[in-house]
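Colleague: sharing a sequence plus its predicted fold:
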Amino acid sequence: MLTYIVRRLLYAIPVLAVSSFLIFVFVSTTTDPLEAIKMNPRASRHSIQLVEHAHHLDKPVVERYGYWVRDVFTRQFGTTILTQRQIFPDIRRVLGNTIQLVIAAELLTLLLAIGIGVYSAIRQYSVFDYAATTLSFLGLAIPTFWLGLIFQIIFVNVFVNWHVRIFYVAGLSSINPGHGLHFYMDRAQHLVLPVLTLAIISIAGYSRFMRASMLEVINADYVRTARAKGLIERRVVLKHAFRNALIPPMTLAAIDFGTFFGGAVITGDSASIARGAYRVGFAAMQAVLVGCVSARGRRRVRGAPRPWACPSSSASPSRRRGGSSARRAPPRAAGRQR
């Protein structure tokens, strides 16, 4: 057994190397980390070239991958391009919150999906089976960010209209969460909505998979033999059928555990659990506002007279046309004051 585990771990090394290289190539060839700076007329070409040379962005993609691997193992993932801030402290800060979200969503998914799948298989073609099937297809069709947004609207309206705090829609914990049981209750109130957002879609898929696996096992020869021996139905289902039917769903759950991190990226960005603000739907708005939001957080690149910000970028065409709109703004403000 130990030899098998070691062999599988050794097989994982080239898999991780190839997959990381392919992901690095796809990201490097389809995106440009300096795109926003290059579009800014205030940034000089010489300043951009200095940044590219300092971070090896002017090198071939294979050589850049080598620098990235070096930074991963020797420099704790390196630093950001413009602000020179260490990357690993940010990863360490948010990883604990992400793990809490993923593990809670995985446990809730398995408990509910297995129960629904087993009962649907035992009561095949019943009202519960048809209802579970309908809700499963509905759950598979719901987008994650939309479901989180609906949860936010519902519980915010409940709090605004009736002043009843059921679940929190902001932050990972309160300012003063307390200790012991009060702390865990406060954390649970903050995690319920993002956990449900992640779990509902997975419950829909796992319950259907568990139902199919249970139906296949419950009609097997050894299950019919157990019934013929006179065992009660509960013992037949739980001891003989359930254990064997559980193997494929658990294998799928272990494989799909990484996909929960992908879902946590969407929920964590839209729900912003790691940063402490539950903002469902923020990812959609971020696509529109990313130029303003990201530009205001960047430091000044050498050669640029001031940091890039949306008001400066939007006002620059007027200045190039003669700055008439900028000159007319103070009289209008003064007129309003009068």
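Modeller: Now that the structure is in, tell me what you want to look at.

Colleague: tell me how far the closest residue to residue 32 other than its chain neighbours lies from residue 142.
Modeller: Nearest non-adjacent residue to residue 32, counting by Cβ to Cβ, 6 or more residues apart in numbering: residue 38, 7.3 Å away. For the C-beta atoms, the positions are set from N, CA and C on the backbone; glycine is no exception. To residue 142, residue 38 is 39 Å away according to Cβ to Cβ, to the nearest Å.

Colleague: what of residue 4?
Modeller: Distance from residue 4 to residue 142, by Cβ to Cβ: 40 Å.

Colleague: comparing the two, which residue is more hemmed in?
Modeller: The neighbour comparison of residue 4 against residue 142 (other Cβ atoms under 10 Å) goes to residue 142, with 14 against 8.

Colleague: count of neighbours near the residue lying closest to that one once chain neighbours are set aside?
Modeller: Ranked by Cβ to Cβ, 6+ apart and with sequence neighbours excluded, the top spatial neighbour of residue 142 is residue 201, at 6.5 Å. Around residue 201 there are 20 other residues, counting by other Cβ under 10 Å.

Colleague: got it, and residue 212?
Modeller: A count of nearby residues for residue 212, using other Cβ under 10 Å, gives 16.

Colleague: can you tell me the helix or strand for it?
Modeller: Applying DSSP states H and E as the criterion places residue 212 in helix 181-218.

Colleague: after that helix, which helix or strand is next?
Modeller: Sequence order places helix 221-228 as the next helix or strand after helix 181-218, per DSSP H and E.

Colleague: low-confidence ranges in the chain?
Modeller: For the chain, residues meeting the criterion pLDDT under 70 lie at 1, 170-174, 262-338.

Colleague: residues of whichever strand or helix holds residue 22 that come out buried?
Modeller: Element membership for residue 22 (DSSP H and E) is helix 2-30. Within helix 2-30, the residues that count as buried by 16 or more other Cβ atoms under 10 Å are residue 24.

Colleague: show me how far it is from its chain's centre.
Modeller: In terms of Cα atoms, centre = their mean, to the nearest Å, the centre of helix 2-30 is set 22 Å apart from its chain centre.

Colleague: other SSEs contacting that helix?
Modeller: Judged by 3 or more Cβ pairs under 8 Å, 6 or more residues apart in numbering; DSSP states H and E, helix 2-30 is in contact with helix 61-74.

Colleague: ok, the residue lying closest to residue 147 once chain neighbours are set aside to residue 28 distance?
Modeller: Leaving aside its chain neighbours, residue 147 sits nearest to residue 197 (5.4 Å; criterion: Cβ to Cβ, 6+ apart). Using Cβ to Cβ, residue 197 is found at 31 Å from residue 28.
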